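Asker: I need the structure of the sequence given here:
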Amino acid sequence: MATGDDTEQRATAPDRRQTPGDLHSLAVHLRRMNGEINRLVHDFADEQGLNATDVQALAAILDADGPMTPGRLRAHLGLTSGAVTACLDRLERAGHIRRVRESADRRVVHLYYAADAREAARTHFRPLAEAAAAARTRFSAADMAVVVRFLTAMNEELSRLR
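Answerer: Below is the predicted model of the structure:
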């Protein structure tokens, strides 16, 4: 039986009927996707004896346009120098990365994803890649161009929040 309070709440509650482009619907779907991806990331981290920040560091190293450095990684992750050093130590000990001094300036360190570790990540995240490929088949090339533009814009906006 509805009380007066229940009736009032329903009368003043926002309409939750979702249309494909409305902000609420978009937020729900982004949170859901983020949750599913986080579940995969945490499972990978647990399997590898790492933490979620370590996996974020691995992704940043993998996705970098050119060699990643500890300084760039620190800025990307928003961590202190000490936290980045501890993270890199864990990743190197676990065999996920290599630190290489490639220049005449021995202070410059480049970070590389180790080939063997890359294969372990590929194996673990293959279901994610397969899900993305299956979802992609439902959209035209023009639709996908819009999706990529949207994701690019979202990433730009989110990066401004730091």
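
Asker: from memory Glu102 sits against His110, does it?
Answerer: Yes: Glu102 is within contact range of His110, at 5.5 Å (criterion: Cβ atoms under 8 Å). (C-beta placed from N, C-alpha, C; glycine too.)

Asker: quick one, which of the two is more surrounded?
Answerer: A side-by-side neighbour count of Glu102 and His110, using other Cβ atoms under 10 Å, places His110 first with 18 against 11.

Asker: so who does that one touch?
Answerer: Going by Cβ atoms under 8 Å, 6 or more residues apart in numbering, His110 touches 67-69, 99-102.

Asker: Cys87 too?
Answerer: Neighbours of Cys87 in contact, by Cβ under 8 Å, 6+ apart: 53-54, 57, 77, 79.

Asker: Only the buried subset of the contacts of His110, as a ChimeraX command please.
Answerer: Here is the ChimeraX command that selects the buried residues among the contacts of His110 (16 or more other Cβ atoms under 10 Å):
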select :68
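
Asker: how about the contacts of His110, which pair is most distant?
Answerer: Met68 and Arg101 (13.9 Å; Cβ to Cβ).
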